[in-house]
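Trainee: pasting the sequence and the predicted coordinates here, then a few questions.
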Amino acid sequence: MKVAMVAHHYPHAAHRAEFIARVHQVAEAFRGTSGCLSADCWESADAVVSIVQWESEEASATSFAAVMSAGLDLAFDERESRPREIVRLAAC
């Protein structure tokens, strides 16, 4: 069963361009993992939204492990104005 993650990030205006670049790097890393169907970066007036889709929950877990060990900047810190909102989805 396909699964997905939608994450809303809220970078401070001074860090928005840098944050978008970071999300693009992470999306590229996700796309390079087995079972990742898509990984994209979107934006709205107040948020940067990352959307990733995998072929299965197992592929998601494996993909996350690979991205976490890749040394990318994934940390939530003072560059963001509020906590991230992350929704996990499963195809029905």
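Mentor: Ah, there it is.
Trainee: when you work out contacts or count neighbours from here on, use the C-alpha atoms and nothing else.
Mentor: Will do.
Trainee: which parts of the helix or strand where residue 17 lies are buried?
Mentor: Under the criterion of DSSP states H and E, residue 17 resides in helix 16-31. Applying a neighbour-count criterion of 16 or more other C-alpha atoms under 10 Å, one finds 16, 19-20, 22-24, 26-27, 29-31 buried in helix 16-31.
Trainee: show me what that helix packs onto, helices and strands only.
Mentor: When contacts are defined as 3 or more C-alpha pairs under 8 Å, 6 or more residues apart in numbering; DSSP states H and E, helix 16-31 packs onto strand 36-43, strand 48-54, helix 57-68.
Trainee: mind checking how far it is from the chain centre?
Mentor: Here helix 16-31 is found 8 Å from its chain centre; the criterion is C-alpha atoms, centre = their mean, to the nearest Å.
Trainee: try stretch 76-92
Mentor: Put simply, stretch 76-92 sits 8 Å off its chain's centre (C-alpha atoms, centre = their mean).
Trainee: let me see the mean pLDDT of it.
Mentor: Averaging pLDDT along stretch 76-92 yields 95.
Trainee: would you agree residue 48 is in contact with residue 22?
Mentor: No - here residue 48 lies out of contact with residue 22, judged by C-alpha atoms under 8 Å, at a distance of 10.7 Å.
Trainee: what about residue 35, how many residues nearby?
Mentor: 20 (other C-alpha atoms under 10 Å).
Trainee: and the end-to-end length of stretch 76-85?
Mentor: In stretch 76-85, first residue to last residue: 12 Å (C-alpha to C-alpha, to the nearest Å).
Trainee: I would like the residues contacting it, please.
Mentor: Residues outside stretch 76-85 that contact it (C-alpha atoms under 8 Å, 6 or more residues apart in numbering) are 7-12, 15.
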